[in-house]
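**Q** Just need the structure, nothing else, for what follows:
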Amino acid sequence: MTDVWSRRAFLTAVGGSVVLIGTPAFQAVAGTVTSVHDAMRTVWQGLVLGTGFSATAEPFRTRLAKLGTQAGQWQSSMAPATGSLWPDQVFTTDPEWMAQSYYRLRGMAEAYVRPGTGLTGDSGLRTALLTGLDHMHAQAYNATQARYGNWWCWQIGAPQALLDVCVLLYGQLPAARLADYCAAVDHFVPDSAVAAYTGTSTGANRVDLCRVLALRGVVGGDNAKIALARDALSPVFPYVTNGDGLYRDGSFIQHSYVAYTGSYGSVMLGGLGMLFGLLKGTTWEVTDPGSQVVFDAVEHAWAPFLFNGLVMDAVSGRAPSRGVQVADPLQVQMDDHTRGHAVLAAILLLAEGASSAERTRWRKLVKGWAARDYFSPPLADTTQSLSALARLSAVTADTSVTAEPEPVVHRLFPSMDRAVHRRPGWAASLSMASKRITHYETGNGENLRGWHTGSGMLCWWGSASGNGQYSDAFWPTVNPYRLPGTTASRKLLADGAGGDWGASRPDVTWVGGTTDGEFASVGQHLKGLGSTLTARKSWFFLDDTVVCLGAGISAADGTAVDSVIDNRNLGAAGTHALTVGGTLQPGTLGWSASFPGPGWAHLAGFGGYVMSGSGTFRALREARTGRWSDINRSASTTALTRRYLTLWYDHGTDPTAGNYVYQVMPGATAAQTSARAATAGWLAVIANNTAAQGVTVGSLAFTGVNFWQSGTVGALQASAPCSVTVRERGDGTAVLCVSDPTRTLTSLTLAWDRPVSQVLSQAASVVSASTGARLQLGLGSLTAAAGASQEVVVRLA
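**A** Sure thing, here's the model as predicted:
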């Protein structure tokens, strides 16, 4: 059942469906299966519906009953008229409502064929379905209709729902009706839709189009369509170096400039799983060896952004703004957890076509993510299809599958300007922007105030706390000018400022960093959206902290500039205690104060903050009210209020050289935070200016430097802008990682004033290395490295 009827949510839910395990109440084909197309329709019915669960067991019993109730309401409210099938979905000017009408018909068809809905095989419901299909065909979706409005509704949304209905009711539909419906699909989705891998026919959209073509072939018995769908998948598989698709570093891009692993990426993953399942064992089985890239990406591209069942908003584009949609009959919120559950279900579906080893690993991963999702348990998620729940339920109950714990790792994704840091007890994500990746994406009236998400937004979650931080009405209620981790001008921006579909890309190239796989040095040359703001920002991701540096913060817009240490969502009634420098601060809403640096703060239930710089930092406790419709024009207008505790540096109006130094310590106690602030020398800031930013932490044998230009910082010397991370190991070796975030260097010389006796291993980009009293490395062109870390391991003298 698809309970949330937004366009992308509909496909996400269906993409999380399962393979056939049993027999539904009504077969896709009446009588004996006599052809390959009959067999494929039966397989697709299983993929869409999923079985293998008891209709009398929870959560399925309740969900089936709700489906029946909803279908009955749609049946009784159906009122065919010119330009609409339901009075509340007039599609004469907006094809979104045309697609929504098909979604309702699909839900009604599920209620008709599923056992346990109370409407299984109901003749009145069948009559309503046939009436509705004929009316939609006559009024909107036919072979003579001209397309208007959003292309997606005509080529993906409506035809996918229509073809699903054709499969579910295949034995009930006359041949003439099927022929007319297939002709309509051919009109709007001709073969030319996949003739070139460009425009709206790339990545997840290409997979969606292939699904339409394949199912059109199955419903209409057209082998050529099925073959075309299979062949048109091949351009999706190879790694790309620009535009839409999967990158070698694990990035996934859609709309050319948007990090989309958690939304479009989820749809692509689930769509491929369904198509692989449909075509398996037939003449058209996918045998392209390039498809292994997709299987590899489960752990390389998707897993890093999954934490305790949620998928991080940093890679979900416009999706975090959707919340509760007006068109959703159940008014259920979509958020990072519901999107994460869809990814889990998609992984389980894809696992059916993976190797035995992959399937075993993935099931362990999914079981772990699902088991740890205390905030939003997957089996209680009403946005997921019943088939998705069936598979999630099966892996949860499988005692032979051991839940995999969260990993300890740092991953950089330079192709989409994202980073993920995972430690025992917490995880964090970082969002940046460059000429390659947009500040944020808006379009179709969605994500209207996401302006500053690419300005260094640092999100974090505890293993057993704060997992609803960005789920609990965060996006419609947070101050969009004070997103956590960002540096932003308070200059007022219009909704959708910067332009649609990723148009707001800053003219900077130095965005990226280096990592040894556990710790990292990451930097961003920031240029603000819609303002004159410029800054250099760096993050050093360590064992129990993220060290944050800012320098060169300048603007000339006549407005103040803030660097936000954190902005924690306390929920609807949170009273979390704030302690600053050992003193408990007032819990009164509206309270604010300024504190001299250096200093420290602790927020009960979350963690600690150490402000090491000399600048004054501020705190504010407030209640904020907003509506999902404020940031998404198709969303709910219901007012929501949440409380926030904000810590920030106010750089004043038109700053010329603002700076900051602070640490974020997720999960730390007040005592641990105080101790860190009191430990002289734990952190040494060796540079914090527009030439370089760097730190050393002796107890971790860590040095990280982001060179904004050539120069010397501490023991490191670089001949050109680059990022460097050095870690000395306890076995007498050290690892040096260097990268070119600008992707422009044809050569680089890096020196480390540390006696080195031997180079043990080196990246292919290293063309020379000299040891002795100091290490000197010569690297050749780094343009092809695409910002990736180049690792050298040495033995210390």
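**Q** so what's Asn659 up against?
**A** With contact set as CB atoms under 8 Å, 6 or more residues apart in numbering, Asn659 has these partners: 549-553, 613, 615, 688-689. In short, each C-beta sits where N, CA and C put it, glycine included.
**Q** can you do 6 Å?
**A** Counting by CB atoms under 6 Å, 6 or more residues apart in numbering, Asn659 makes contact with 550-551, 688.
**Q** ok, so of those residues, who is nearest Leu542?
**A** Nearest to Leu542 among the contacts of Asn659 is Asn688, at 16.6 Å by CB to CB.
**Q** can you put the contacts of Asn659 in a markdown table and add secondary structure, pLDDT and distance to Arg63?
**A** Compiled in a markdown table, the contacts of Asn659 are given as follows (DSSP: H, G, I helix; E, B strand; the rest coil; pLDDT from 0 to 100; distance: CB to CB, whole Å):
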| residue | secondary structure | pLDDT | distance to Arg63 |
| --- | --- | --- | --- |
| Gly550 | strand | 98 | 49 |
| Ala551 | strand | 98 | 54 |
| Asn688 | strand | 98 | 55 |
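**Q** wait, which of these is closest to Thr127?
**A** The shortest approach to Thr127 among these belongs to Gly550, at 66.1 Å (CB to CB).
**Q** mind checking how far the closest one is from Trp539?
**A** 10 Å (CB to CB, to the nearest Å).
**Q** Most neighbours among the contacts of Asn659, please name it.
**A** Neighbour counts for the contacts of Asn659 were taken using other CB atoms under 10 Å; the highest belongs to Gly550, which has 25 neighbours.
**Q** any idea how far it lies from His651?
**A** When distance is defined by CB to CB, Gly550 is 9 Å away from His651.
**Q** now swap in Ala604 and tell me
**A** For Ala604, the distance to His651 (CB to CB) stands at 28 Å.
**Q** go on, Thr202?
**A** 41 Å.
**Q** For those two, indicate the residue with more neighbours.
**A** Set side by side, Thr202 and His651 give different neighbour counts by other CB under 10 Å, the larger being at His651 (25 against 22).
**Q** Is it correct that the more buried one falls within a strand?
**A** Yes - membership of His651 in a strand is supported by DSSP: H, G, I helix; E, B strand; the rest coil.
**Q** Please name the residues that touch it.
**A** With contacts defined as CB under 6 Å, 6+ apart, the neighbours of His651 are 553, 561, 658.
**Q** ok, it to Asn706 distance?
**A** Counting by CB to CB - His651 and Asn706 are separated by 20 Å.
**Q** swap in Asn689?
**A** Applying CB to CB, the value for Asn689 to Asn706 is 11 Å.
**Q** Would you convert the contacts of Asn659 into JSON lines that also reports distance to Leu215?
**A** Formatted as JSON lines, the entries for the contacts of Asn659 read as follows, by distance: CB to CB, whole Å:
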{"residue": "Gly550", "distance to Leu215": "52"}
{"residue": "Ala551", "distance to Leu215": "55"}
{"residue": "Asn688", "distance to Leu215": "57"}
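**Q** Look up the closest residue to Gly83, ignoring the ones flanking it.
**A** Once its chain neighbours are removed from consideration, Gly83 has its nearest residue in Thr92; the separation is 3.9 Å (CB to CB, 6 or more residues apart in numbering).
**Q** Then Thr486?
**A** Taking CB to CB, 6+ apart, and ignoring the residues beside it in sequence, Thr486 has Ser455 as its nearest neighbour in space, at 4.2 Å.
**Q** Tell me how many other residues surround that neighbour.
**A** Close neighbours of Ser455, defined as other CB under 10 Å, add up to 28.
**Q** what residues are up against it?
**A** Remark: with contacts taken as CB under 6 Å, 6+ apart, Ser455 is in contact with 486, 488, 526.
**Q** and it, what are its phi and psi?
**A** phi -100, psi 30 (degrees, to the nearest 10).
**Q** And it, how far from Met665?
**A** 22 Å.
**Q** again with Ala701
**A** Look at Ala701 and Met665: by CB to CB, they are 20 Å apart.
**Q** what about the two, which has more around it?
**A** Neighbour tally, Ala701 and Met665, criterion other CB under 10 Å: the higher count belongs to Met665, 22 against 13.
**Q** did I read that right, Val293 in a strand?
**A** No - assessed with three-state DSSP, Val293 is helix; it does not lie in a strand.
**Q** so where is the protein shaky, pLDDT-wise?
**A** Counting by pLDDT under 70, the low-confidence segments of the chain come to 1-34.
**Q** swap the cut-off to 80 and go again
**A** 1-34, 51 (pLDDT under 80).
**Q** Tell me which stretches of the stretch 301-450 of the chain form strands.
**A** Remark: strands assigned in the stretch 301-450 of the chain by DSSP state E, counting those that start in this stretch are 306-307, 310-311, 409-413, 418-423, 426-431.
**Q** Which residues does the second one contact?
**A** With CB under 6 Å, 6+ apart as the test, strand 310-311 has contacts from 262, 305, 336-337, 339-340, 343.
**Q** Narrow these to those in helices?
**A** Residues of the contacts of strand 310-311 located in helices (DSSP state H): 336-337, 339-340, 343.
**Q** for the residues you listed, which one is nearest Ile156?
**A** Ile156 has its nearest neighbour among the ones in helices among the contacts of strand 310-311 in Arg339, at 18.4 Å by CB to CB.
**Q** what number of residues lie near that closest one?
**A** By other CB under 10 Å, the burial measure for Arg339, its neighbour count, is 26.
**Q** Tell me the strands beside the one helix or strand Gln776 maps to, with direction?
**A** In this assignment (DSSP states H and E), Gln776 forms part of strand 775-779. When sheet partners are counted by DSSP bridges, strand 775-779 sits next to strand 748-752 (antiparallel), strand 766-770 (antiparallel).
**Q** The next helix-or-strand element following that strand packs against which elements?
**A** For strand 775-779, the succeeding helix or strand toward the C-terminus, using DSSP H and E, is strand 790-796. With contacts defined as 3 or more CB pairs under 6 Å, 6 or more residues apart in numbering; DSSP states H and E, strand 790-796 has these neighbours: strand 733-739, strand 756-762.
**Q** next one: the first one to chain centre, how far?
**A** This points to strand 733-739. 30 Å (CA atoms, centre = their mean, to the nearest Å).
**Q** what is the orientation angle of that strand with strand 409-413?
**A** Here strand 733-739 runs at an angle of 20 degrees relative to strand 409-413 (axes from the mean of the first three to the mean of the last three CA atoms, to 10 degrees).
**Q** Which elements pack onto strand 733-739?
**A** Strand 733-739 makes packing contacts with strand 722-728, strand 790-796 when contacts are defined by 3+ CB pairs under 6 Å, 6+ apart.
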